[in-house]
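[1] Could you work out the structure for the sequence below:
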Amino acid sequence: LHNNSFKMAALLVWCLSAVSVVSASTATSEVLTVVANRPDPSTWKRTMCGSPSGNHPAIPAQPYTIGVDYPGNDIKPCGSDGCVLSASATHMDCETKCNSTQGCTAYIFAPANCSEKTGPICWTKGSVGEGRKSPCRNSRIMGQPASKGADIPSQWASQVNATSTPLPAFPRPQMVRGTGSSFDELRDVGDSSLFVNLNGLWEWEPTTPGSAPPFGKTLSGSILVPFPVESCLSGVAPNSSANIVQDMWYRLTFDAQRESQAQDSGRTLLHFGAIDWQSAVYLNGKMLGNHTGGYDGFSYDVTEAMKPTGNELLVYAHDPSDEGHQPNGKQRISAIDRPGGDTYTPTSGIWQTVWLEAVPAVYISDIHINQASTTAVVVQATLAGGSESDSVAIEVMDSSGKIVASGKGAAGDNITIAVPNANLWSPESPYLYDLKIDTSSGDSVVAYFGLRTFVLGDGPKGKRPLLNNNFTFMAGFLDQSWWPDGQYTAPTDEGLAYDILALPMFGLNMIRLHQKVNPERWYYHADKIGVVVFQDMVQKYGGANNDTIPFFVKDLMAMIKGRRNHPCIVQFETFNEGDCWGVFKTPPYDVPGIVALAQKLDPTRLVDTDSGGGANNLHIGDVNDIHSYPYPGDPQPSSTQYAMIGEFGGIGAFVQGKEWKPNSCHTYLHVDTPTDEAQTYIKMAATIESRVDHVSASVYTQTTDLELECDGFLNYDRSNKFSEADTQAIKRANQAIIHAGYKAYAEELAAAAEQL
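    Here you go, the predicted structure:
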């Protein structure tokens, strides 16, 4: 892949009679040279990686005002519920509380005669918007100095520019074609003769719903793909909620010169990792298709639509974000103007890699790997363009490259392959086998798998989750995978892996991936590093209704199918808290029906019905999962469910210079320094350690600060909040939990054996 005078050229070689990961030698070949015409790089510039609302002139102090309220932007310690003061308190007591709260710029006071509580109520504000009249709300703006706002990109943002390909890594490491010096190299960079990354500067402009495709027209702006519109790396991030773009066009033109010895010997596929939320794709005036869903990938066969010169690729994207009915996770349009709480800047448009792939005329379109075993793997390969006579041959290779097992069968069939003296995958030893699949028609792909089981087992106090028939306490982070520079999209592959590497750094072994489905390479890193993943289904976070249900079901099915081949995922969470489960009332899509659907789609993984919400009280699914802030709760197992603290913590030391909006952080439990945060956490970890005889998993909120929610072990820019000494102390505390779990289970086994 080369750039020259704002043009990207890539050589794409099709191996038609056979595609081999060992040798590129073939009887015939086809060469496709792709030259993409990019906008001038000078049209792109990174914007500030911080809240636009942090950029403001000085706000002078105002007198205490009767009957005026400033809604929103409530900060701890009082939060949105307010602090109830003593019956005799006055507004001066509320003012004292504001003065003693970092980042408080205003307060609201409800006198006793306006309060339904035992005394007056005080709210502290991190910022103020437009005031409104309210007879039971009095207020004072304490003043706020002028601010130029924050600019807190991660350390990897400096590697992103408009003259090179962003995120060039091969996006589908579980199914790779081609030749390389090693399978690992192929998974990281792909075969440049078969893989063309289209990331980079594209033309872009806002549009209106129903507008005609702008065929043959240069668009008015440019955007750096695959960074979502609202990210500072896109170059077009809106500076206010009013300027949000919900409908947009992308355009890329390119030449595709073909030289072939055969007329119809191969296909070209166009892949999109993800577009939020609805899209329509056109090539040379032909509509390739529509897609709905913001978190799953999709592809089109563009062989017939492409021509030698002057190809025009147009992509329309529509994203209503939290104003729509679809699952949108923690995205909130108003967070651009009014950040705060536990919802954040939205993510619109293309946010994962766009790429071309050369495949044979008959090619492997999908593989399904069932690795929930300690002795065998089951592989199913689906072909496109094939016939009933097509067969597949499969080889299993160990980490040294030695073939240790093999199998054959018909395409589309489940082929079971016993693995002798199998090495198992676990956080302590994340052993991966290579898997090579060859078809009788000439295609070949490389995948991988890790043998492991995660099932419910019996303990003296109830169920335990057993990894490879032994109990491992799952101690993890709540991870939301948001970035200050790329929002949903990590700036580089190294950055993408860093959040996972933070787990062993702090002595943890599990991530609960919260309200998001990540790119496949994120799970690939988790597979290699050895981090267990509890995968959330993305919710409609507030405002769910009956129209949400079909979108939710479609996304659930796509999530499970799209990520099922990764050994790191051992559990799915179907619902979170009270976000949207309440609208799922009618079979087959009531709450039990959704749980049953997840179990049917993937019977090899456990299902957590509702992490920390009311549907957890239905006691269906495999987990009794509670949320408890700030201190860890004490859930109990049963004869059908294991006990998990699905969220706790939220301890926050606010680090100046690292905040999304200066002096505006909030959290569940504020402490003064990172050392205080470390010591407070260590005490919580000791509480969990004392409960490992019946609690089997815990999830601390959270890996990183996220906008104004400043309760991460890492700052939002991924710098470590802690000194090396504090980091090691936290690691020892977490390792103590896990080791106590081993000891408790060993004692349980010994007691059971003694009874026998």
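[2] Can I get stretch 250-257 in PDB, CA atoms only?
    What follows is stretch 250-257, C-alpha atoms only, in PDB (Å, rounded to 0.1, in the frame of the first residue of the first chain):
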ATOM      1  CA  TYR A 250     -18.900   9.600   2.200                       C
ATOM      2  CA  ARG A 251     -17.200   9.400  -1.300                       C
ATOM      3  CA  LEU A 252     -14.000   7.700  -2.500                       C
ATOM      4  CA  THR A 253     -13.000   7.400  -6.100                       C
ATOM      5  CA  PHE A 254     -10.400   5.000  -7.400                       C
ATOM      6  CA  ASP A 255      -9.100   3.100 -10.400                       C
ATOM      7  CA  ALA A 256      -9.100  -0.700 -10.600                       C
ATOM      8  CA  GLN A 257      -7.000  -1.900 -13.500                       C
END
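[3] For it, which outside residues touch it?
    With C-beta atoms under 8 Å, 6 or more residues apart in numbering as the test, stretch 250-257 has contacts from 32-38, 198, 202-204, 214, 218-219, 223, 225, 306-317, 349-350. (C-beta placed from N, C-alpha, C; glycine too.)
[4] What's the mean pLDDT across that stretch?
    Averaging pLDDT along stretch 250-257 gives 92.
[5] can you check stretch 513-531 too?
    Per-residue pLDDT over stretch 513-531 has a mean of 98.
[6] Run a quick neighbour tally on residue 116.
    Around residue 116 sit 7 other residues, with neighbours defined as other C-beta atoms under 10 Å.
[7] just to revisit the earlier point, quick one: buried ones out of the contacts of stretch 250-257?
    By neighbour count, with 16 or more other C-beta atoms under 10 Å, the contacts of stretch 250-257 hold 32-36, 38, 198, 202-204, 214, 219, 223, 225, 306, 311-317, 349-350 as buried.
[8] Okay, and which of the contacts of stretch 250-257 map to strands?
    If you go by DSSP state E, those have 32-37, 202-204, 223, 225, 311-317, 349-350 in strands.
[9] so which helix or strand takes in residue 630?
    For residue 630, there is no host helix or strand (DSSP states H and E).
[10] What strands line up against the longest strand along the chain, and which way round?
    Using DSSP E to define each element, the chain has its longest strand at strand 247-260. The pairing partners recorded for strand 247-260 under DSSP bridges are strand 29-37 (antiparallel), strand 200-206 (antiparallel), strand 311-318 (antiparallel).
[11] can I get those in JSON lines with distance to residue 598 and mean pLDDT?
    Formatted as JSON lines, those follow (distance: least, C-beta to C-beta, whole Å; pLDDT from 0 to 100):
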{"stretch": "strand 29-37", "distance to residue 598": "40", "mean pLDDT": "75"}
{"stretch": "strand 200-206", "distance to residue 598": "36", "mean pLDDT": "98"}
{"stretch": "strand 311-318", "distance to residue 598": "28", "mean pLDDT": "98"}
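[12] Would you mind putting those strands into a markdown table with distance to residue 384 alongside?
    A markdown table is the format used below for the strands paired with strand 247-260 (distance: least, C-beta to C-beta, whole Å):
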| stretch | distance to residue 384 |
| --- | --- |
| strand 29-37 | 18 |
| strand 200-206 | 28 |
| strand 311-318 | 22 |
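[13] ok, back up a step: report the buried residues of the longest strand of the chain.
    For strand 247-260, the neighbour count (16+ other C-beta under 10 Å) marks 247-256, 258 as buried.
[14] all helices for the chain, in order.
    Using DSSP state H, the helices of the chain run over 91-99, 183-189, 493-505, 520-529, 548-563, 591-601, 674-689, 724-755.
[15] Model confidence for residue 11, exactly?
    Predicted confidence (pLDDT) for residue 11: 34.
[16] And the strands in the stretch 251-400 of the chain?
    Counting by DSSP state E, counting those that start in this stretch, the stretch 251-400 of the chain has these strands, from start to end: 266-272, 275-276, 278-283, 286-292, 298-301, 311-318, 349-350, 354-360, 363-370, 376-384, 391-397.
[17] out of those strands, which comes closest to residue 416?
    Among the strands of the stretch 251-400 of the chain, the nearest to residue 416 by C-beta to C-beta is strand 376-384 (5.0 Å).
[18] partners of the closest one in the sheet?
    Looking at strand 376-384 with DSSP bridges, its partner strands are strand 363-370 (antiparallel), strand 415-418 (antiparallel).
[19] buried ones in the shortest one?
    The neighbour-count check on strand 415-418 (16+ other C-beta under 10 Å) flags 415, 417 as buried.
[20] picking up where we left off before, the strands paired with strand 247-260: which one's closest to residue 730?
    It is, among the strands paired with strand 247-260 and with distance given as C-beta to C-beta, strand 200-206, at 40.0 Å.
[21] just how off-centre is that closest one within its chain?
    Computed by C-alpha atoms, centre = their mean, to the nearest Å, the separation of strand 200-206 from the middle of its chain amounts to 24 Å.
[22] quick one: contacts of that strand?
    The contact list for strand 200-206 (C-beta under 8 Å, 6+ apart) reads 6, 8, 36, 38-39, 41, 43-44, 162, 164-166, 214, 218-225, 236, 245, 247-252.
[23] closest to residue 154 out of the strands paired with strand 247-260?
    So among the strands paired with strand 247-260, strand 200-206 is nearest, using C-beta to C-beta, at 20.1 Å.
[24] For residue 373, give its distance to residue 468.
    10 Å (C-beta to C-beta, to the nearest Å).
[25] Which one's more surrounded, these two?
    For residue 373 versus residue 468, the count of surrounding residues by other C-beta under 10 Å is larger for residue 373: 18 against 15.
[26] where's the closest residue to the more buried one other than its chain neighbours relative to residue 727, distance?
    Leaving out its chain neighbours, the residue that sits closest to residue 373 by C-beta to C-beta, 6 or more residues apart in numbering is residue 451, at 5.8 Å. Separation of residue 451 from residue 727 (C-beta to C-beta) stands at 33 Å.
[27] Neighbour count for these two, which is higher?
    More neighbours surround residue 451 than the other of residue 451 and residue 727, with 22 against 18 (other C-beta under 10 Å).
[28] circling back: just flag the most distant two among the buried residues of strand 247-260.
    For the buried residues of strand 247-260, the farthest-apart pair by C-beta to C-beta is 247 and 258; their separation is 34.4 Å.
[29] Enumerate every residue touching the residue of the chain positioned farthest from its centre.
    For the chain, the C-alpha farthest from the mean C-alpha position belongs to residue 88; by C-alpha atoms, centre = their mean, that distance is 48.7 Å. By C-beta under 8 Å, 6+ apart, the contact list for residue 88 reads residue 119.
[30] ok, now the one 5 residues further on?
    Residue 93 is in contact with 85-86, 120, 122, counting by C-beta under 8 Å, 6+ apart.
[31] try residue 182
    Per C-beta under 8 Å, 6+ apart, neighbours of residue 182: none.
[32] where does the stretch 151-300 of the chain have low pLDDT?
    Counting by pLDDT under 70, the low-confidence segments of the stretch 151-300 of the chain come to 258-264.
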